[in-house]
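task: produce atomic coordinates for the following.
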Amino acid sequence: MNLEKLSPVLRQYEFFEDLDACQVKPLGAGLIHETFLIESPNGKYVLQGFNQEVFQYPDRIAFNLEQLYTNQIADNLPFELPLPLLNENGEQLSTVDGKNWRVFPFVKGQTLEQISSKNQARNAASAFAEFSKAGTELKVDILKETIPDFHRLDLRFERFCAVASGMERKLDSEEESILRFYLNQKPLIENYKETTQKLPLRLTHNDTKINNLIFSESLDRVKALIDLDTVMPGYLLYDFGDLVRTVACTRTEISTDWENLRLDESVFEALMEGYLSGLGNLVEKEERESLLLGGEVMTCMMGLRFFTDHLQGNIYYRVNYPEQNLHRAKNQSILLRDLQSKRELLRNLWIKASNHSSL
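Residues are numbered from 1 along each chain as shown. All right, here's what the predicted structure looks like:
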């Protein structure tokens, strides 16, 4: 998209007064929002086209981000929290031809798709934990659900069972094996329900992939936490669990290298150390212990979502071949099985990290 087509959006911001001197470039490889780097005489900015098919409640997102601003959450963080800049009407969203756009400050640095050191895992986990800790004084119950029931494992399981029971075609042997595996996760579902009833809701990011952080050029520290559209009330086990699922696995969620796909315990340990360090004295033992359940919860939930989508004909997740969601579900089942087989080991690592963080 060129500058001429974007100019009706840019004119709504006073700092883009000299449009002829601006340059526009595509930015990043995100699958959700259309994103551009705008270079202007006043500095660099990020222009983002809002994907309302994925996020159907933009006003809820704007409300939540406004709460982050008014409650000065960024002031309590050792890194940047880039929030949308306001247009000439004092609003976060600028609408042109029915499409919503936002402008963010540009943060120079590097984003990662995979870690190359344990220290990066430790720093990433610490950053997400510090974000939750910074919201301690925020009344999280006023925040809105930007994606309703986003991480509700019990509801994802119910949906999966309903779709599976309504299948008219006969499943092949691989599908049957994966179906039985997830049907047998009922004890995990019950554990999740029982555990979360005892936990407080916190300010959570809810999409704690490594690429939602901007690192310094040297990759030795976190400069910014980004992609805040999923910020809403949640449990800490969601954020920690998705870090385990996406960072501590030896292969990505699209890998079919079944034999080499497993949990990397050393990365898990680094994540736990970083997360507990970032939380500081925020949590008591019960909530701290719930983090151990996080990896299983988030891995199971994504496996259920992938397999449900496969059974429905790949209507939600983009696929490159017909069996990709089936393979994603198999991928997550292998990781989940490994997590469950290493519960005692992971508990010992949790005890070790807990003792270290209390020193």
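
and this protein, what are its domains?
According to automatic domain parsing, the chain comprises the domains 3-105, 118-357.

quick one: end-to-end distance for the shortest one.
In domain 3-105, first residue to last residue: 18 Å (Cα to Cα, to the nearest Å).

can you map out the strands along this protein?
For the chain, the strands defined by DSSP state E occupy 23-26, 34-40, 43-49, 94-96, 99-105, 202-204, 213-215, 222-225, 232-234.

tell me, how many residues neighbour residue 68?
The local packing of residue 68 (other Cβ atoms under 10 Å) involves 20 other residues. Quick note: C-beta positions are derived from backbone N, CA and C, even for glycine.

how about the contacts made by it?
For residue 68, the contact set (Cβ atoms under 8 Å, 6 or more residues apart in numbering) comprises 74, 81, 83, 228, 231.

about what we covered before: out of the strands of the chain, flag the one nearest residue 348.
Among the strands of the chain, strand 202-204 comes nearest to residue 348, with 25.7 Å by Cβ to Cβ.

so what's residue 10 closest to, chain neighbours aside?
Computed as Cβ to Cβ, 6 or more residues apart in numbering, the closest residue to residue 10 that is not its neighbour in sequence is residue 16, at 4.1 Å.

which ones are touching the one you found?
10, 22, 38, 40, 42, 45.

burial measure for residue 354, as a count.
Residue 354 is flanked by 16 other residues according to other Cβ under 10 Å.

state the pLDDT value of it.
Note on residue 354: pLDDT of 94.

that one is in contact with residue 291, isn't it?
No. If you go by Cβ atoms under 8 Å, residue 354 and residue 291 don't touch, sitting 9.6 Å apart.

what touches both of those two?
With Cβ under 8 Å, 6+ apart as the test, residue 354 and residue 291 both reach residue 276.

just the pLDDT at residue 185, thanks.
Among the per-residue scores, residue 185 holds a pLDDT of 98.

could you single out the most deeply buried of the strands of the chain?
strand 202-204 (a mean of 25; mean count of other Cβ atoms under 10 Å).

quick check: chain neighbours aside, which residue is closest to residue 199?
In this structure, residue 199 finds its nearest non-sequential neighbour in residue 235, 5.2 Å apart by Cβ to Cβ, 6+ apart.

in this structure the one you found contacts residue 290, no?
Yes. The pair residue 235 / residue 290 is scored as a contact, 7.0 Å apart, by Cβ under 8 Å.

which ones are touching residue 267?
Here residue 267 is in contact with 115, 118, 121, 247, 248 (Cβ under 8 Å, 6+ apart).

where does the prediction get shaky in the stretch 51-200 of the chain?
By pLDDT under 70, the stretch 51-200 of the chain has no low-scoring segment.

please enumerate the helices of it.
All helices of the stretch 51-200 of the chain, identified by DSSP state H, counting those that start in this stretch, fall at 58-70, 118-134, 153-165, 173-183, 186-196.

in the fourth one, which residues are buried?
When neighbours are counted by 16 or more other Cβ atoms under 10 Å, the buried residues of helix 173-183 are found to be 175, 178, 179, 181, 182.

ok, for the first one, nearest residue in space, not its chain neighbours?
I take that to be residue 175. Spatially, and ignoring its direct neighbours in sequence, residue 175 is nearest to residue 326 (6.6 Å; Cβ to Cβ, 6+ apart).

okay, now the one you found: neighbour count?
Neighbour tally, residue 326, other Cβ under 10 Å: 21.

ok, the most centrally placed residue in the chain - contacts?
The centroid of the chain falls nearest to residue 207 when counting by Cα atoms, centre = their mean (0.8 Å). Contacts here follow Cβ under 8 Å, 6+ apart; on that basis residue 207 touches 227, 230, 242.
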